[in-house]
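*Asks:* model the structure of this input:
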Amino acid sequence: MNSWSTALVGNPNTGKTSLFNSLTRSYAYVGNWTGVTVEKKVGMLRNHAAQLIDLPGIYSLQPMSRDEGVAVHYLLHDQPNVILNVVDASQLERNLFLTIQLLEYGAPTLIALNMNDVAEGRGIYIKSELLGSRLGVPVYKVNARRDQGIPALLDDLTPDGMLAKPPSTFRLDYGECVEAAIQRLEALLPAIAHIPSRWLALQYLENNNTIHEWVQQYAEIEPAVERLYEETEQHLQAAGTALHLPQHIRTVRTAYIKQIVAESLSHTAPAKPNLTDRIDNIVTNRWLGIPIFIAVMYFMFKVTFEWIGSPLSDLLDGFFGGAFTDWTSSLLDTVGASAFTHALIQEGIIAGVGGVLVFVPQIFILFLFISFVEDSGYMARVTIVMDRLMEAVGLNGKAFIPFVIGFGCSVPGIMAARTIEQPRERLVTTLLVPFMSCSARLSVYALFAGVFFEQHQAFVVLSLYLLGIVLTLILAKVFSLSFMKEEQTVFVVELPPYRMPQWRTLFRSTWEKGKGFVRKAGTFILGGSVLIWLLSYAGPDGFGVAMNESYLAKLGGVLAPLFVPLGFGTWQAGAALVTGFMAKEIVVSTMNIIYHAPDAAMLEAQIAHAFTPLTAYAFCAFVLLYVPCLATVGIIRREVASWKWTLFSMSYALVVAYLVALLIRFGGMLLGFA
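*Replies:* Just a heads-up that it's a prediction; the model follows:
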C-alpha cells in the first residue's frame, strides 16, 4: 500500500506541517511563520494506508522561488493519488485561489479547513458543507494542533475511502474565446498520462514559466502558441475586455471565489478585541520594533548563560570531570588497559567530547526560547521590523528569515534562502548566512565569557550576535551595489496570529533542534577528538612526545605568527582554529586536549593565562566570522552550484574575520582595555 500517496498542499503558514505531524505521528519542523518547509517531506500515515508528502507552502502554481518550484515539479513528475489541500479558514478568499488551480489539476482532492478557532475569534464562520458542494470536494474542519477532526480525515485518505467518493468534476468556464484557445492548445500539447491536458493548457496560457520549460522538453510549440495568444487577445478586446489573457484567467477565478465565499461565509461581531493587532501596534512599531527584538534576545541570553544555563553546565562538568572520569579510570584499570588506551579515552575522548557536552544545557535552553518565539508568531513580526533596514542594504525582510534560522544552524538557514525569489538576492543571502552566530559557536562563547566576563555573559554573547548582524547588513550593502543593481526586491510575508505554543510541540521542537548538537558530539566531534588527540600524541620523533613537539603543535605553529597582531599568536590558538573548520564545537574540544584539562575549571585556568579579556573577545569574534564549517561549505556548494562562489564565501569570510579581530584588538588598546 506504500505506492498510494497523498500530497499535502497549501499556502504558507496554514498549519500544513502541523497537520503532517498529526497525520503521521512523526515530526517535521513546525514554526508559526512563513518559510518553514523548503523541500518536500515524506511520512507514513499513522493508519499505514499511504505515504504523505508535505510540499512547501505556495500561493499559486506559478512558482516565484525555488521552494515553490518543488511543489510544481512534484505535480509534473509524480502522480499523487490524492491532494490534501490545507486551507486557512481565517483567510478563505486568498487560500481558495490555489484551491481552484489544484481542482483544475484533476486529481482526487480533499480540503482540510484549518485555523477555525482563529477565524471564529474574528467573527468568521464557514459553512463547510456548502463550500464543499460548490467546489465539488469534501471539506473537513480540523485543528491540527489539537488533533481535532483527524480520525475522520484519516479514514477518507485510505484507498478504499477515496474510491468510495465520486471523482471531482470541477470546471470553470473562462468564456467562449478562451475556451476555444484552451481546446486548440490541448491539441498541440504532448499527451502525458497523469497530467490533464486542460490544466496544462491553462497553466501554459497563464505564462507559467515552469510549465513552459517543461513542455519544451517534449514539443516545440512556441510559434503556434504565439499566434494563438495574439488571436485570443484580439477576440478578448473585440468583446470589450481590456485585460491580457493571463489576467483574464485570474479575473474569472477571482470572481468565482468571491461568489462562493459570499455564500459560504458569515460574519458576526468578534467575541473579543483582536489581541494580535494590539500587540502588533507595539512590537512592529517603527521606533520600538528593533529595541524590543534586542531586549528579547538579551533576556534569552541572560537566562541561558547566567540564570539557569551556567549552573546546569557546572553540574554536568562536575560529572564528566569527576565521577565519570573516576569510573572510567577504574574500569580501564580492571580490564588491564594500556597506558595508550588510558590516555586516548581520558585525555582524548572524555576531554574532547565531554568538554563540549557540558554546554548542552545552555544549547537546549536557548533552543527552547527560539522555539517559543517561532511558534508564538513573533518571529514573523521580526521580519517586518527588519524589512526597512534590510531594504536599505538591498535585501528585504524575507531574507532575514534564513538569517534567523542560521542562529540555530547555518545549513538549514542556507536552505531556507530558497524562499527568496530573485536569484542574486538569494545568492547574497546564502553567502551571508554563515555570519549568523550558530549554536556550534555557543560553546566557544560560553567558555570565554565564563572566564573573562562572568558578570556580563549575556551582554557579551548578545554583542557577538549583534556583531554578526551588523556586519551582515554592511556586506549586504556592498554586495548589492556590486552585483545586484538590476534586481528589484519583492517582500510578501504571512503574519500569523499570536498563539500560545503547546508545551508538547515546544519541547519536541527543542529536542529536534538540539539533538543535532548531541548527535554531532557522539559522531563528528568524537572522531575529531580522536584525530586531534593522535596529532597531539604523535610527532616527528614518534609517539608519546611532549605536546610542544607534536604534529598538532607543528600545525598550529605554522599559523601562529599570522595571529600575533590579533593577540592570540600561540600554536594552541592556531591549532584550535584549524580543527574548528570541521565543526566550531571542536575549537573547545581541541583546547581541552591541548591543555590536558580534565574539567572546565582546569581549562578556564589555562585560558586565563593565555588570553586577556580583550584578546578573548577578539578570538570569539574571529570564531564567529572566519571560514564556515565543513557542512556549511558543502551546502553552499550545493545551493549555488558553483565552486567559484563557494571558495569566495570561504576566503572573504577569513579576510573579514581577520580585519574585525584586528580592529577589536587595536581599538580596545586605544581605549585602554587590556
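*Asks:* just for this protein, where's the confidence low?
*Replies:* Along the chain, segments meeting pLDDT under 70 span 1-3, 27-39, 67, 161, 163-168, 192-193, 269-274, 483-494, 598-600, 674.
*Asks:* how about the strands in it?
*Replies:* Using DSSP state E, the strands found in the chain span residues 5-10, 41-44, 51-54, 82-88, 109-114, 124-126, 139-141, 265-267, 538-539, 542-543.
*Asks:* same list (the ones you listed) but as JSON lines, adding mean neighbour count and distance to Ala653.
*Replies:* To be clear about C-beta, it is placed using only N, CA and C from the backbone, and glycine gets the same treatment. As requested, the strands of the chain are exported to JSON lines (neighbours: other C-beta atoms under 10 Å; distance: least, C-beta to C-beta, whole Å):
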{"stretch": "strand 5-10", "mean neighbour count": "25", "distance to Ala653": "37"}
{"stretch": "strand 41-44", "mean neighbour count": "17", "distance to Ala653": "31"}
{"stretch": "strand 51-54", "mean neighbour count": "22", "distance to Ala653": "34"}
{"stretch": "strand 82-88", "mean neighbour count": "25", "distance to Ala653": "40"}
{"stretch": "strand 109-114", "mean neighbour count": "25", "distance to Ala653": "42"}
{"stretch": "strand 124-126", "mean neighbour count": "18", "distance to Ala653": "49"}
{"stretch": "strand 139-141", "mean neighbour count": "18", "distance to Ala653": "49"}
{"stretch": "strand 265-267", "mean neighbour count": "12", "distance to Ala653": "52"}
{"stretch": "strand 538-539", "mean neighbour count": "18", "distance to Ala653": "31"}
{"stretch": "strand 542-543", "mean neighbour count": "10", "distance to Ala653": "36"}
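*Asks:* surely Val588 and Arg441 touch.
*Replies:* No - the criterion here is C-beta atoms under 8 Å, and Val588 misses it with Arg441 at 10.1 Å.
*Asks:* looking at those two, which one has more neighbours?
*Replies:* Per other C-beta atoms under 10 Å, whichever of Val588 and Arg441 has more neighbours is Val588, with 26 against 23.
*Asks:* count residues in the vicinity of the residue nearest to the more buried one when sequence neighbours are not counted, would you?
*Replies:* For Val588, ignoring the flanking residues on the chain, the nearest one in space by C-beta to C-beta, 6 or more residues apart in numbering is Ser443 at 4.8 Å. Neighbour count of Ser443, defined by other C-beta under 10 Å: 28.
*Asks:* would you turn the strands of the chain into a markdown table with distance to Leu288?
*Replies:* Listed next are the strands of the chain as a markdown table, based on distance: least, C-beta to C-beta, whole Å:
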| stretch | distance to Leu288 |
| --- | --- |
| strand 5-10 | 33 |
| strand 41-44 | 37 |
| strand 51-54 | 36 |
| strand 82-88 | 29 |
| strand 109-114 | 32 |
| strand 124-126 | 30 |
| strand 139-141 | 38 |
| strand 265-267 | 32 |
| strand 538-539 | 58 |
| strand 542-543 | 62 |
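*Asks:* tally up the residues packed near Tyr174, please.
*Replies:* For Tyr174, the neighbour count with other C-beta under 10 Å is 19.
*Asks:* got the contact list for it?
*Replies:* Ile182, His248, Ile249, Val252 (C-beta atoms under 8 Å, 6 or more residues apart in numbering).
*Asks:* doesn't Tyr204 make contact with the third one?
*Replies:* When you say that, I think you mean Ile249. No - at 10.8 Å, Ile249 does not count as touching Tyr204 under the criterion of C-beta under 8 Å.
*Asks:* before we move on, the earlier item: going by distance to Leu131, which of the contacts of Tyr174 wins?
*Replies:* Nearest to Leu131, judged by C-beta to C-beta, of the contacts of Tyr174 is Val252 at 19.0 Å.
*Asks:* look up the closest residue to that closest one, ignoring the ones flanking it.
*Replies:* Computed as C-beta to C-beta, 6+ apart, the closest residue to Val252 that is not its neighbour in sequence is Tyr174, at 5.1 Å.
*Asks:* surely the residue nearest to Val588 touches Phe359?
*Replies:* Yes - with contact defined as C-beta under 8 Å, Ser443 counts as touching Phe359 (4.3 Å).
*Asks:* overlap in contacts, the two.
*Replies:* Common contacts of Ser443 and Phe359 (C-beta under 8 Å, 6+ apart): Val588.
*Asks:* so what's the closest residue to Ala107 other than its chain neighbours up against?
*Replies:* Sequence neighbours aside, Ile83 is the residue nearest to Ala107 in space, at 5.0 Å (criterion: C-beta to C-beta, 6+ apart). Contacts for Ile83 (C-beta under 8 Å, 6+ apart) come out as Thr6, Ala7, Val9, Leu102, Tyr105, Ala107, Pro108, Thr109, Leu110.
*Asks:* one more time with 6 Å
*Replies:* Neighbour list for Ile83: Ala7, Val9, Leu102, Ala107, Thr109 [criterion: C-beta atoms under 6 Å, 6 or more residues apart in numbering].
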